[in-house]
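Asks: Give me the fold of what follows.
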Amino acid sequence: MLMDPQNLPDRIREVRERMARAAAAAGRNANCVTLLAVGKGQPLELLASAAAVGLKDFGESYLQEALGKIAALQERALTWHFIGRIQANKTRAIAEHFAWVHAVDRLKIAERLAAQRSPHLPPLNVCLEVSLAGEAAKGGVSAAQLPQLAQAVAALPRLKLRGLMCLPPEESEARRQRAWFQRLRELKEALNAAGAGLDTLSMGMSSDFEAAIAEGATIVRLGTVLFGPRA
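Replies: Numbering: from 1, shown residues only. The predicted model follows:
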């Protein structure tokens, strides 16, 4: 069943309260964590309602669907994040229409985004996706190869390397959830110790965002907990 847009303000408030409690428990300021509303598969009307009650950051994985939403909501001054796996033949549209890309895991993709980003636009914010568990079905650079990729991407024009992103295995226990997010935080800290200057950890989804916040997430990618199941 699709969510009634009238229920959306209450759902958003409940989620923000959970985020604030998780941040407070970790000694963090909740304002340091961005709620990224994941709208893939959700109707445009629901996203418009979310924007109307104050959400500003939206994440999409399906490019053609996203382009239609971006066009329809262009007067809302929203920030659009591409969070899905990136195919080489889609980099131009991503470079032209998004402010953030969360799942870069190959230098070839980063080079295409840099070459296709208009110099008249601000630099494209980039997060490198890290494969923490080596799952074949998921993308991501290995921890061993991460420093080399980070150095190469940081040197590209019209891109701004902001941080790291992960999609860890599903875990039901908070302790095990936190272990994966701790690993990503440690990788960010290691890069920063070498001078990378990263400020972003894109980690945590509807089932584990509180554990991610406890380990330093600065962006949590939330879909189902906000909007309910996809159509």
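Asks: Can you classify the nearest residue to Ser61 once chain neighbours are set aside as helix, strand or coil?
Replies: Closest residue to Ser61 apart from its sequence neighbours, by Cβ to Cβ, 6 or more residues apart in numbering: Gly84 at 3.0 Å. Glycine gets a C-beta too; all of them are placed from N, C-alpha and C. Look at Gly84: counting by DSSP: H, G, I helix; E, B strand; the rest coil, its state is coil.
Asks: Looking at the protein, which helix is longest?
Replies: Counting by DSSP state H, the longest helix found in the chain is helix 174-193.
Asks: so what secondary structure elements neighbour the helix or strand immediately after that one in the chain?
Replies: For helix 174-193, the succeeding helix or strand toward the C-terminus, using DSSP states H and E, is strand 200-202. For strand 200-202, the elements it packs on are strand 124-130, strand 159-166, helix 174-193, strand 219-222, judged by 3 or more Cβ pairs under 8 Å, 6 or more residues apart in numbering; DSSP states H and E.
Asks: if we go to 7 Å?
Replies: Where contact means 3 or more Cβ pairs under 7 Å, 6 or more residues apart in numbering; DSSP states H and E, strand 200-202 is packed against strand 159-166, helix 174-193, strand 219-222.
Asks: Need these in a markdown table (columns: distance to Tyr62).
Replies: Below are the helices and strands packed on strand 200-202 laid out as a markdown table (distance: least, Cβ to Cβ, whole Å):
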| stretch | distance to Tyr62 |
| --- | --- |
| strand 159-166 | 18 |
| helix 174-193 | 25 |
| strand 219-222 | 15 |
